[in-house]
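[1] my questions are about this predicted structure, shown below with the sequence.
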Amino acid sequence: MKKLGMIAMSVLLMTGITAMAQDNRILAKPQNESSSYTTALGVKLWGDGGGISFKHFVAPNRALEGIAYFWSRGTRITGLYEFHFDFVGAPGLKWYVGPGAHVGFYNTYYDKYYPYGNSGSYIGIDGVLGLDYKFTGAPINLSLDWQPSFEFGPYRGFVNSWGGLGIRYTF
C-alpha cells in the first residue's frame with residue numbers, strides 16, 4: 001500500500017509540474033526558426049542503458065521533457081521542466097537548467113555493488129544541466145546533459161549518474 005501511495009504521489013507531482021508549465025498564451029515561434037524547434041522525439045543514450053526522449057517547448061525558452069529509461073536493472077520515467085538560454089554568437093546552441101521528478105521501477109539483485117538489493121518502486125526529485133544544439137537546415141537535435149537526483153526510500157539517496165546524449169528528430 002505504501003508503494004502504491006508513492007507511485008500515486010509521483011504521478012500527481014508530475015501532473016502538477018506539467019499543469020504549472022502550461023501557458024494560456026499562444027506559443028510564439030522563436031525568431032530564428034532555422035536553428036530552433038518546437039517538438040523533438042528521439043533517444044537518450046547513457047551509461048549501460050538508454051531511453052526514449054520527448055521534448056516540447058511550451059514557450060520560446062521553456063520546455064518539458066519526458067524520458068523513459070530502460071536498462072538491465074529496471075525502468076525509470078523522468079519528467080523535466082527546462083529553462084533554455086542562448087549562447088551569444090553560437091546559433092542553434094543553448095544551455096539549459098531545470099527541476100524535475102521521476103519514478104523508478106528496479107529489479108536488482110544482491111551483489112557487491114548493490115549489497116542491500118534495491119528492488120522495488122521509488123520516487124525522486126531531479127535537476128538537469130545541459131547543452132542543446134539544433135542543426136541549421138536539418139531536423140536533427142543533439143543534447144548532452146547531467147541529471148542529478150535524490151531518491152526517497154530505504155538505501156536510496158543522492159544519485160549523480162543520470163543524464164546522457166540525446167539524439168532527436170525535430171518537428
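    Cool, got the structure.
[2] dump the residue contacts of residue 104.
    By Cβ atoms under 8 Å, 6 or more residues apart in numbering, residue 104 lies in contact with 74, 75, 76, 77, 121, 122, 123, 124, 151. C-beta here means a position set from N, CA and C on the backbone, and glycine is covered the same way.
[3] could I get the residues you listed as CSV with pLDDT?
    Shown next, in CSV, are the contacts of residue 104 (pLDDT from 0 to 100):
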residue, pLDDT
74, 88
75, 92
76, 92
77, 96
121, 88
122, 90
123, 95
124, 96
151, 91
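[4] of the residues you listed, just say which sits nearest to residue 99.
    Of all these, residue 99 sits closest to residue 124, with 11.7 Å by Cβ to Cβ.
[5] who does that closest one form a beta bridge with?
    For residue 124, the beta-bridge partners under DSSP bridges are residue 102, residue 151.
[6] from residue 130, how far off is it?
    18 Å (Cβ to Cβ, to the nearest Å).
[7] about what we covered before: closest to residue 61 out of the contacts of residue 104?
    Of these, the one sitting nearest to residue 61 (Cβ to Cβ) turns out to be residue 77, at 24.9 Å.
[8] that closest one contacts residue 102, correct?
    Yes. Taking Cβ atoms under 8 Å as the definition, residue 77 is a contact partner of residue 102 at 6.3 Å.
[9] okay, those two: which has more neighbours?
    Neighbours per residue (other Cβ atoms under 10 Å) separate residue 77 from residue 102, with residue 102 holding more: 24 against 17.
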